[in-house]
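**Q** Model the structure of this input:
(one chain, ligands or ions: 1)
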Amino acid sequence: SSRASKHSKLRTIVAVSTVGIIVLVTTCFIIALKIHRSGRFPLQSLVRKDYNSRRDKIKEMLGNYGSLAPKRYTFSHLKKITKSFSEKLGEGSYGMVYKGALLNGHHVAVKFLRDTTGNGEEFVNEVISIRRTSHVNIVTLLGFCLEGSKRVLVYDYMPNGSLEKFIYAENSKETLEWDKLYEIAVGIARGLEYLHRGCNTRTIHFDIKPQNILLDQDFVPKIADFGLAKLCNPKESYLLLMDGMRGTIGFIAPEVFSRRFGIVSTKSDVYSFGMVLLEMVGGRKNLRESVERESEVYFPDWVHSHLTQLGSLQPFDLGPAEHEEIAKKMATIGLWCVQISPASRPTISKVLEMFERNIDQLEIPPKQFIYSPIQDDSDDERNESRV
Ligand SMILES: Nc1ncnc2c1ncn2[C@@H]1O[C@H](COP(=O)(O)OP(=O)(O)OP(=O)(O)O)[C@@H](O)[C@H]1O
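**A** Just a heads-up that it's a prediction; the model follows:
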């Protein structure tokens, strides 16, 4: 019987302690819930404080630039102005691009960035710097959206799309006249000169190619995708650049790939610009591809030998003499820009000077051997920076 009474005592103790623990846990839960509801829960206020201080910081950063600051859009607003992202303009290495119309009717291109780097403040800093890079030949960034992991840029919409469409046009309606092509070439060079010399910080674009030259309603060229390499994962962007080279051979300057020097400079942009010029000359009649396919001659070499041996660009059917002059001028400047050694290439300001001259005042550069080893001209490059 003493064992039975011990058992019953033990059961009582266990029951009482269980009830005690349940009461204690419930009480703690109710107290925590009350504090939470009152908004005085310390952890919650810490999180809120941090969120508020980041929001205030971003507001302050934008406030410092007054009307020059990029506009901040909410995601729901972007959804509304793009009619729930219904009109896709395309997809590039940085993400999807959709067409939208602001409430005042102004058309915009809304670009979703994927694989972005840095925190919100770093993102806003870069966005401010892109916005401040303002020039008639650079696509205008109007604003951005930053909500959680969503990072979106809002640009002016360019109704004539990219230069690529016109260079390789099959349809004669989409072919641009030589004087228009020439104006576009000069416009791109002006935009590049601004990036290299005119804006607050010397800037290398890294990815000048016809797809990144957009045309407004009057065919004024605007350099696009400027500054994005800094906003998105750099490793990824670098790999994408390499893809770009494979896809559109020669647009990335050879030194960008040189593991030996790893040096890029404003002259790397000049190289890409030269390739764009040559594409404009050769692509207009879709000649480049047929030259390379039929003769296996690298197109810049083909242009070089025609200019030096024949003094003309036959078999182009260039029409009036002034067209031939424009084509020869663009080709000659293009050849100077694609010199293998960055030191032999002109600066972009020099390129603009060359555009001012007559064709007979322009020398044809020495022939280049694209596969020859790259010289170490790192001393010549005062403006260089490392990849
Ligand atoms: N501001 C804009 N106005 C009109 N169309 C645009 C604008 N920005 C981009 N697009 C179009 O959206 C598509 C995707 O552009 P995006 O710049 O993202 O990629 P891309 O330049 O084609 O390729 P990559 O990013 O690899 O250089 C392209 O067809 C481009 O012409």
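**Q** hey, let's count contacts and neighbours off CA atoms from now on
**A** Fine.
**Q** got the contact list for residue 227?
**A** Counting by C-alpha atoms under 8 Å, 6 or more residues apart in numbering, residue 227 touches 126, 130, 205.
**Q** before we move on, what about residue 331?
**A** Residue 331 is in contact with 277, 278, 281, 303, counting by C-alpha under 8 Å, 6+ apart.
**Q** helix or strand right after the strand or helix carrying it?
**A** Assigned by DSSP states H and E, residue 331 belongs to helix 321-337. Where DSSP H and E defines the elements, the next helix or strand beyond helix 321-337 is helix 348-356.
**Q** what residue lies at the spatial centre of the protein?
**A** Closest to where the C-alpha atoms of the chain average out (C-alpha atoms, centre = their mean) is residue 225, at 2.5 Å.
**Q** For residue 324, see how far away the closest residue to that residue other than its chain neighbours is.
**A** Nearest residue to residue 225, sequence neighbours excluded (C-alpha to C-alpha, 6 or more residues apart in numbering): residue 212, at 6.5 Å. According to C-alpha to C-alpha, to the nearest Å, residue 212 stands 27 Å off from residue 324.
**Q** For whichever residue of the chain sits closest to the ligand, list each beta-bridge partner.
**A** Per C-alpha to the nearest ligand atom, the residue of the chain with the smallest distance to the ligand is residue 92, at 3.1 Å. For residue 92, the beta-bridge partners are residue 95 (DSSP bridges).
**Q** Neighbours of it, how many?
**A** Look at residue 92: counted by other C-alpha atoms under 10 Å, it has 13 neighbours.
**Q** Equivalent analysis for residue 158, please.
**A** By other C-alpha under 10 Å, 22 other residues sit near residue 158.
**Q** Confirm it sits in a strand?
**A** No: counting by DSSP: H, G, I helix; E, B strand; the rest coil, residue 158 is not found in a strand; it is coil.
**Q** just the buried members of the contacts of residue 227?
**A** The neighbour-count test (16 or more other C-alpha atoms under 10 Å) marks 130, 205 as buried among the contacts of residue 227.
**Q** closest to residue 150 among the contacts of residue 227?
**A** Nearest to residue 150 out of the contacts of residue 227 is residue 126 (C-alpha to C-alpha; 15.5 Å).
**Q** Which helix or strand contains that closest one?
**A** Going by DSSP H and E, residue 126 is in helix 120-132.
**Q** Equivalent analysis for residue 100, please.
**A** Element membership for residue 100, per DSSP H and E: strand 95-101.
**Q** nearest spatial neighbour of residue 70, skipping sequence neighbours?
**A** Among residues not flanking residue 70 along the chain, residue 143 sits closest, at 4.4 Å (C-alpha to C-alpha, 6+ apart).
**Q** before we move on, the earlier item: elements contacting the helix or strand immediately after the helix holding residue 126 in the chain?
**A** Where DSSP H and E defines the elements, the next helix or strand beyond helix 120-132 is strand 141-147. Secondary-structure packing of strand 141-147 (3 or more C-alpha pairs under 8 Å, 6 or more residues apart in numbering; DSSP states H and E): strand 71-72, helix 75-81, helix 120-132, strand 150-156.
**Q** Kind regards, and thank you for your time.
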